[in-house]
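Asker: need coordinates for the below:
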Amino acid sequence: MCVLGSSSMGIKGAYSRLRHPPIERESQRKDFTDDRLAEINRVLTQRPFRGVAVACPFTPHIDEFSNPKATYDAYTDWIANVVIPRCRVETPTLVDPFATTIVGCSMGGPIALEIFARHPEMFGSIGLVQGAVGAYFAEKHAQMIADAASAHGPRDVLLLSSGADPYRQGHEALAKALADRAVPHTLLIPPGPHDQPWLRETGSIEMLTYEDGRVP
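Answerer: The predicted structure is shown next:
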């Protein structure tokens with residue numbers, strides 16, 4: 001799994017908690033509701049967290065470059081030809097593209113979509129975690145993912161937003177556009193704002209749980 005847009009997101013701590021259940025809420029806020037916490041612990045009892053290999057490469061603000069298109073092309077080549085191959089060499093990963101996911105967090109959301117569009121054969125899934133995407137691009141992104149599925153086989157999508165996320169409408173619009181095209185997707189909107197405390201607990205645990213569970 002390649003995660004863009006945040007160097008940590010609390011992934012390391014969330015990973016450890018999933019490996020040593022039951023999970024207890026650490027935040028003073030109740031973004032992680034009692035019902036959802038109990039549900040995840042039930043899932044972990046039935047199917048323990050197996051683990052995923054996670055690469056978090058540096059993610060620049062590509063749209064601020066003088067030539068964003070050329071920068072997207074170069075960055076995509078680096079992800080495809082350096083980051084993912086190195087991850088597969090250094091970790092015991094599944095090399096099947098179906099088991100490879102690209103996830104964009106916040107500003108990494110649009111970047112993940114750009115990379116997926118350039119190399120859809122490399123990724124069996126794409127995820128947005130409070131991705132900075134607008135509703136006006138939902139049809140374009142959904143059609144791109146549907147075309148990838150048609151050309152390369154089934155693709156699934158994780159859309160993880162939150163109640164007070166300014167990009168919530170973008171995730172909901174993309175979910176609707178994917179549903180119109182019969183593209184498998186999961187839309188999750190737990191409580192909480194768009195901030196680091198949410199990402200460190202709710203966002204990271206939900207993302208890792210989804211990614212671990214999507215591969216048989």
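Asker: G108 versus the spatially most distant residue from the centre of the chain, what's the distance?
Answerer: Centroid-distance maximum for the chain: S66 at 27.4 Å, with CA atoms, centre = their mean. Distance, S66 to G108, using CB to CB, to the nearest Å: 21 Å. Every C-beta, even on glycine, is put in place using the N, C-alpha and C of the backbone.
Asker: same thing with Y210?
Answerer: As judged by CB to CB, Y210 and G108 stand 16 Å apart.
Asker: so between these two, which is more surrounded?
Answerer: G108 (26 against 19; other CB atoms under 10 Å).
Asker: out of everything not next to it in sequence, what's closest to that one?
Answerer: Leaving aside its sequence neighbours, G108 sits nearest to G5 (CB to CB, 6 or more residues apart in numbering; 2.1 Å).
Asker: based on its surroundings, how many neighbours for the one you found?
Answerer: G5 has 23 nearby residues by other CB under 10 Å.
Asker: quick check: next helix or strand after the least confident helix or strand in the chain by mean pLDDT?
Answerer: Least confident helix or strand of the chain, by mean pLDDT, DSSP states H and E, is strand 2-4 with a mean of 82. Using DSSP states H and E, the helix or strand that follows strand 2-4 in sequence is helix 11-19.
Asker: who's in contact with P48?
Answerer: P21 (CB atoms under 8 Å, 6 or more residues apart in numbering).
Asker: now it: how far from T76?
Answerer: For P48, the distance to T76 - CB to CB - is 35 Å.
Asker: any regions of the protein where pLDDT drops low?
Answerer: 6-8 (pLDDT under 70).
Asker: could I get the buried residue list for the longest helix seen in it?
Answerer: Using DSSP state H to define each element, the chain has its longest helix at helix 138-152. By neighbour count on 16 or more other CB atoms under 10 Å, the buried set for helix 138-152 is A138, H141, A142, M144, I145, A146, A148, A149.
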